[in-house]
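[1] show me how the following folds:
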Amino acid sequence: MIIDGKALSNQLDVNMKQEVADLNATGLYPTLVVIIVGNDPASQIYVRNKHRKAVKLGIRSIIERKPADMTQADLLALIAKYNADDQVHGILVQLPLPKQIDETAVIRAIDVKKDVDGFSPENVGKLFANSHEHYPVSCTPKGIMTMLDHYNVNPEGKHAVIVGDSNIVGRPMGALLLNAGATVTYTHILTQDLSSFTRTADILVVATGVAHLIKAGDIKPGATVIDVGMDRDENGKLVGDVDYDNAVRVAGNITPVPGGVGPMTITTLMQQTIELAKVANRRVLTSVH
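    This next block holds a predicted model:
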């Protein structure tokens with residue numbers, strides 16, 4: 001079965017658009033601020049897509065485009081301004097940042113209650129502690145969990161293998177699957193005899209940025225394969241980390257590239273913006289009463 005992230009995203013958009021309209025009717029306007037520093041082409045595309053999606057759903061979208069020579073102090077001051085703005089519910093600083101800016105300091109500067117990307121140490125800690133309170137989670141892994149749920153892939157008791165150890169995908173993905181009852185093995189591109197691990201996976205999530213790293217022979221027959229990669233082949237065609245054309249004959253479920261994980265990442269960002277707005281509104285109502 002092809003796991004169609006684009007179709008699922010469109011389906012969820014209908015519900016979110018109605019939810020935003022209902023919130024607007026009560027005077028609550030979910031608002032997302034995206035700050036982009038510099039002219040990285042991929043980042044420009046991501047930010048444009050996020051803005052378009054927000055506008056489509058009725059979410060207030062504020063884009064702050066800043067020059068590549070922006071100082072860290074100025075960026076932190078801009079974040080502090082939006083931290084203090086009660087009308088803003090989610091703040092996202094597009095990565096990567098220019099070399100003069102410390103990404104860790106920037107991530108930590110965002111109010112944990114507005115950390116829509118789920119990157120702050122506090123929110124990451126809640127994820128790994130399997131906290132049951134509300135907190136945002138890195139959007140790509142959370143979107144993948146939504147896809148697995150929609151396609152009736154239950155991680156409970158399954159062996160999940162993660163290929164990739166980034167803080168944005170690999171690490172939080174493993175935590176989410178562990179929290180859902182899977183047995184999780186972490187691997188990455190330096191893992192020796194990688195195939196000996198991937199061939200045991202009931203659920204295989206690949207996020208390395210290495211085109212066609214995973215071949216059909218690296219996949220357990222019938223496995224669910226989630227390809228997070230967005231790479232270009234020698235002809236400039238967009239491909240994933242999995243050799244899709246051959247893997248599709250072995251896998252039980254598989255995401256295509258494009259049209260798989262990507263659309264669900266942005267949809268999850270919008271879901272979390274709405275949720276943060278509702279949580280912020282509940283705090284206001286509680287303090288009033």
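[2] list the contacts of Ile35.
    Neighbour list for Ile35: Glu64, Lys66, Leu75, Leu78, Ile79, Ile91, Leu92, Val93, Gln94 [criterion: C-beta atoms under 8 Å, 6 or more residues apart in numbering]. Backbone N, C-alpha and C define where each C-beta goes, glycine included.
[3] surely the fourth one meets Thr71?
    Think Leu78. No - counting by C-beta atoms under 8 Å, Leu78 does not reach Thr71; the two are 10.6 Å apart.
[4] between the two, which is the more surrounded one?
    The residue with more neighbours, out of Leu78 and Thr71, is Leu78; 19 against 12, by other C-beta atoms under 10 Å.
[5] other SSEs contacting the helix or strand harbouring the more buried one?
    Using DSSP states H and E, Leu78 falls within helix 72-83. Packed against helix 72-83, as judged by 3 or more C-beta pairs under 8 Å, 6 or more residues apart in numbering; DSSP states H and E, are the following elements: strand 31-37, strand 60-66, strand 90-93, helix 103-109.
[6] out of these, deepest packed?
    Across those, the average number of neighbours (mean count of other C-beta atoms under 10 Å) peaks for strand 90-93, which reaches a mean of 26.
[7] and Tyr46, which helix or strand is it part of?
    Applying DSSP H and E as the criterion places Tyr46 in helix 41-57.
[8] and Pro256, which of the three is it?
    Per DSSP: H, G, I helix; E, B strand; the rest coil, the secondary structure class of Pro256 is coil.
[9] run a quick neighbour tally on it.
    18.
[10] equivalent analysis for Glu19, please.
    The burial count for Glu19: 17, using other C-beta under 10 Å.
[11] helices and strands around the helix or strand in which it is found, which ones?
    Using DSSP H and E, Glu19 sits in helix 5-25. Judged by 3+ C-beta pairs under 8 Å, 6+ apart, helix 5-25 is in contact with helix 41-57, helix 139-150, helix 261-288.
[12] separation between Val250 and Lys237?
    For Val250, the distance to Lys237 (C-beta to C-beta, to the nearest Å) stands at 22 Å.
[13] same check, this time on Thr146
    Applying C-beta to C-beta, the value for Thr146 to Lys237 is 27 Å.
[14] ok, back up a step: so the helix holding Tyr46 versus strand 31-37, what angle?
    In terms of direction (axes from the mean of the first three to the mean of the last three C-alpha atoms, to 10 degrees), helix 41-57 departs from strand 31-37 by 170 degrees.
[15] could you pull out the buried residues of helix 41-57?
    Ser43, Tyr46, Val47, Lys50, His51, Lys53, Ala54, Leu57 (16 or more other C-beta atoms under 10 Å).
[16] and which of those is nearest to Asp233?
    Tyr46 (20.9 Å; C-beta to C-beta).
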